[in-house]
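> A structural model of the following input is requested.
(one chain, ligands or ions: 1)
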Amino acid sequence: MKSETEREKIEQAYREIEKYRDKVEKDYYRLQYHLMPPVGLMNDPNGLIHWNGVYHVFYQWMPFHTGHGAKFWGHYTSCDLIHWKQEKIALAPSEWYDKDGCYSGSAIDHDGVLTLFYTGNVKDEHGNRQTYQCMAMSKNGIDFEKKGIVVTLPDGYTAHFRDPKVWKKGDKWYMIVGAQSESLDGKAVLFRSQNLRDWEHLGPITGGNSRQLGKFGYMWECPDLFELDGQEVLIVCPQGLEAEAMRYQNVHQSGYFVGRLDYEPAQFLHGPFAELDRGFEFYAPQTMLDAKGRRILIAWMGVPDQDEDKHPTITHRWVHALTLPRELKLKDRKLYQTPVEELQMLRKDKIAYSNVTIANEEMILEGISGDVIELNLENIRLSGGIMEIAIRNTARIIYHSDERVLTLERKSFANGLTEKRQCPFGTFALAAYVFRHVLDGGICE
Ligand code: FRU
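Predicted coordinates for the structure are as follows:
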């Protein structure tokens, strides 16, 4: 059962959805098939799990305005990763240990019970922070009951200690938490448990200012650790990395290390850090394993503190969305991400061109247009020089074949100036075709 306070908070949030429904839905910028908040601000995806044949995506949610604050856990479900249903609000910040936010966390199945782990965020009147790792459970996967604190802050860390991700290995449970050490270095900290209630602190498995890394950010958020194609991958969001040439261009970063996790003593031996996405908006990714054995990643299509208050959607009382689900594969210690194959269900009305030659000119191909389309380019052969694809008048994808650099350029929504993100791009084999994307009825049976 939920407490009276939690029920009231949830009622307040529902009233907010009702109050602004029209305003939100009339926004020109509302997306067609990405997950968005019904009102207010959405940030990290939480509690990703494929449970009893249903994909669950929870998310950090501030219903009452378009900034951050005491977060709720909103909830969507899907049978196919395409058609999503908005479920009841899962968690609201209501108890003394989570009153300033039910912060990010994860989900597991425990003997048929959908169990959530999240961070209870508490701030006193002077802004001092406390952090508690908490648990909540549900038998039907929809109505959650809080079970209180399971991990308190160990010595050696500041109260920036959050975002528990839990998994099972053998007959034991493990939890990894994002942390800041007292020396102000970002760390990933491991815990072990037999029963999900009592957790033993095994220590930091890697982090900044350690044997493996020099200074590497002042805080690591949202860690995720999983096995993939015979190796282990640690995803983490380091805050405080300096921009270096084309790398680390966003305010905060998210990327991964590939390596091997030793449980005794607890350490993660790994290679170098690689960014997961070089685009403008990408942060706090989380993964889940589905019944087909796929490792699926969804991220927040936003970055903390990066002109969040200047998004054009704010006048319609909502902001941010989640990325489309991506399937991960590991090859030669490198992560490859492809949109999940289910997305092909959205394809309608293919328009294709082949053997197109463009020579120092601008070309518009009839039918290659529209607001909601998928553009595929295959077998492009460049005989030197530059190739550009213009998207409306606001963005361009540019490939410099001499430098072998791919650039995404756009007009900033914050100040109208051109901004760009880039990455080296070795081979460029791209025929052009588009699909109109149409989202039709749900199919959960
Ligand atoms: C990452 C993050 C998490 C925290 C949550 C709060 O975007 O800062 O570390 O749990 O957002 O909404």
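> So what's the model's average confidence on the host helix or strand of residue 205?
Assigned by DSSP states H and E, residue 205 belongs to strand 200-207. If you average the pLDDT over strand 200-207, you get 98.
> Which strands border the very next helix or strand once past that strand, and is each parallel or antiparallel?
Following the chain from strand 200-207 toward its C-terminal end, the next helix or strand by DSSP H and E is strand 219-228. Its sheet considered, strand 219-228 pairs with strand 231-239 (antiparallel) by DSSP bridges.
> now the angle between strand 200-207 and the partner strand, please.
80 degrees (axes from the mean of the first three to the mean of the last three C-alpha atoms, to 10 degrees).
> Next, the buried residues of strand 231-239.
232, 233, 234, 235, 236, 237, 238, 239 (16 or more other C-beta atoms under 10 Å). Backbone N, C-alpha and C define where each C-beta goes, glycine included.
> Identify the bridge partners of residue 138.
Residues in beta-bridge contact with residue 138 (DSSP bridges): residue 114.
> ok, now which ones touch it?
Shown in contact with residue 138 (C-beta atoms under 8 Å, 6 or more residues apart in numbering): 90, 113, 114, 115, 116, 144, 145.
> For the residue nearest to the second one when sequence neighbours are not counted, give its distance to the ligand.
Think residue 113. Nearest in space to residue 113, with sequence neighbours left out and distances taken as C-beta to C-beta, 6 or more residues apart in numbering, is residue 137 at 5.2 Å. According to C-beta to the nearest ligand atom, to the nearest Å, residue 137 and the ligand sit 20 Å apart.
> Numbering from 56 from now on, please.
New numbering, starting at 56: the last item is residue 192.
> Can you turn the buried part of the contacts of residue 193 into a PyMOL selection?
In PyMOL syntax, the buried subset of these is picked out as below (16+ other C-beta under 10 Å):
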select buried, resi 145+169+170+171+199
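> Of the contacts of residue 193, which pair is most distant in space?
Largest separation among the contacts of residue 193 by C-beta to C-beta: 145 and 168, giving 14.1 Å.
> which bits of the stretch 56-205 of the chain sit near the ligand?
Taking C-beta under 6 Å from any ligand atom, the part of the stretch 56-205 of the chain that reaches the ligand is made up of 98, 99, 115, 126, 158, 159, 174.
> 5 Å - rerun?
99, 115, 126, 158, 159 (C-beta under 5 Å from any ligand atom).
> Work out for me the element the first one sits within.
So that's residue 99. Per DSSP H and E: strand 95-106 holds residue 99.
> Now do that strand against strand 274-283, angle only.
Strand 95-106 and strand 274-283 are oriented at 30 degrees to each other (the same axes, to 10 degrees).
> What mean pLDDT does strand 95-106 get?
98.
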